[in-house]
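Asks: With the sequence up front, the predicted model follows.
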Amino acid sequence: KAGVTQTPRYLIKTRGQQVTLSCSPISGHRSVSWYQQTPGQGLQFLFEYFSETQRNKGNFPGRFSGRQFSNSRSEMNVSTLELGDSALYLCASSLGAGGFDEQFFGPGTRLTVL
Amino acid sequence: DAKTTQPPSMDCAEGRAANLPCNHSTISGNEYVYWYRQIHSQGPQYIIHGLKNNETNEMASLIITEDRKSSTLILPHATLRDTAVYYCIVRVNTGTASKLTFGTGTRLQVTL
């Protein structure tokens, strides 16, 4: 079974631009979560989507948004990029059934904002 | 979710057991202890979880104290490939399965 895939793996943008990152979960998984990892703040939860609906949200500004498609693939968008948005963005998928549900992480997209 | 405290770094010789401690003195009765690890430049990987009984799987053992205020992750025979940052997380097992709250973790260095 293929793992979680994220595209692109690396991205360079400039301040003020917007960016869209993509995540394909493991087949059969219905939940996709996004995390941001920076040296200063560590790993922080962004949001979770389940059955095309946002089910949980972290403490990030509205510039960060996401969506999930009917095939469970997910995208996250960051508008009006700031230098501080430079980070590794990780996507994790799980069955989404609630309770204990192992999350499988993708390799991440490394975003650099210049 | 309860806060956890871990030492920032530890060293372990290859072939020896690595014992990684975690303090979670404010853990609630319905919160589980989870361990994930992140090898450099990769996404985190689930290791093990438990509520109050000791747990063992093919990767590691988890020892939780009787008062549940601390736990220890044991890698019985550490290898160089176990060099990683290890995160101890406590959370309830209800509602959404996501929103793992990662702390700063312990950077384990396995040496020859």
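Replies: Cool, got the structure.
Asks: center of chain A - which residue?
Replies: residue A:34 (3.1 Å; C-alpha atoms, centre = their mean).
Asks: quick one, what contacts residue A:76?
Replies: A:20, A:21, A:23, A:34, A:46, A:47, A:64, A:65, A:66, A:89, A:91 (C-beta atoms under 8 Å, 6 or more residues apart in numbering or on different chains). Placement of C-beta: from N, CA and C, glycine included.
Asks: Distance from the chain centre to the helix or strand harbouring it, please.
Replies: Assigned by DSSP states H and E, residue A:76 belongs to strand A:74-78. How far strand A:74-78 lies from its chain's middle: 6 Å, per C-alpha atoms, centre = their mean, to the nearest Å.
Asks: Adjacent strands (with direction) for it?
Replies: Strand A:74-78 sits in its sheet next to strand A:19-24 (antiparallel), strand A:64-68 (antiparallel), going by DSSP bridges.
Asks: Which element is encountered next along the chain beyond the longest one?
Replies: Later in the chain than strand A:19-24, the nearest helix or strand by DSSP H and E is strand A:31-38.
Asks: Mind giving me the packing neighbours of the next helix or strand after that following strand?
Replies: Per DSSP H and E, strand A:31-38 leads on to strand A:42-50 as the next helix or strand towards the C-terminus. Helices and strands touching strand A:42-50, by 3 or more C-beta pairs under 8 Å, 6 or more residues apart in numbering or on different chains; DSSP states H and E, are strand A:31-38, strand A:53-57, strand A:64-68, strand A:74-78.
Asks: Tell me which of the ones you listed sits nearest to residue A:106.
Replies: Residue A:106 sits nearest to strand A:31-38 of all the helices and strands packed on strand A:42-50, at 9.7 Å, using C-beta to C-beta.
Asks: Output the contacting helices and strands for the closest one.
Replies: Using 3+ C-beta pairs under 8 Å, 6+ apart: strand A:31-38 touches strand A:42-50, strand A:74-78, strand A:87-94.
Asks: now do 10 Å
Replies: When contacts are defined as 3 or more C-beta pairs under 10 Å, 6 or more residues apart in numbering or on different chains; DSSP states H and E, strand A:31-38 packs onto strand A:19-24, strand A:42-50, strand A:53-57, strand A:64-68, strand A:74-78, strand A:87-94.
Asks: ok, of the contacts of residue A:76, which come out buried?
Replies: A:21, A:23, A:34, A:46, A:47, A:64, A:65, A:66, A:89, A:91 (16 or more other C-beta atoms under 10 Å in any protein chain shown).
Asks: still on that earlier bit, can you redo the helices and strands packed on strand A:42-50 as a markdown table with mean pLDDT and distance to residue A:11?
Replies: Formatted as a markdown table, those follow (pLDDT from 0 to 100; distance: least, C-beta to C-beta, whole Å):
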| stretch | mean pLDDT | distance to residue A:11 |
| --- | --- | --- |
| strand A:31-38 | 95 | 14 |
| strand A:53-57 | 90 | 23 |
| strand A:64-68 | 97 | 15 |
| strand A:74-78 | 98 | 10 |
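Asks: Point out the most buried one among the ones you listed.
Replies: strand A:31-38 (a mean of 24; mean count of other C-beta atoms under 10 Å in any protein chain shown).
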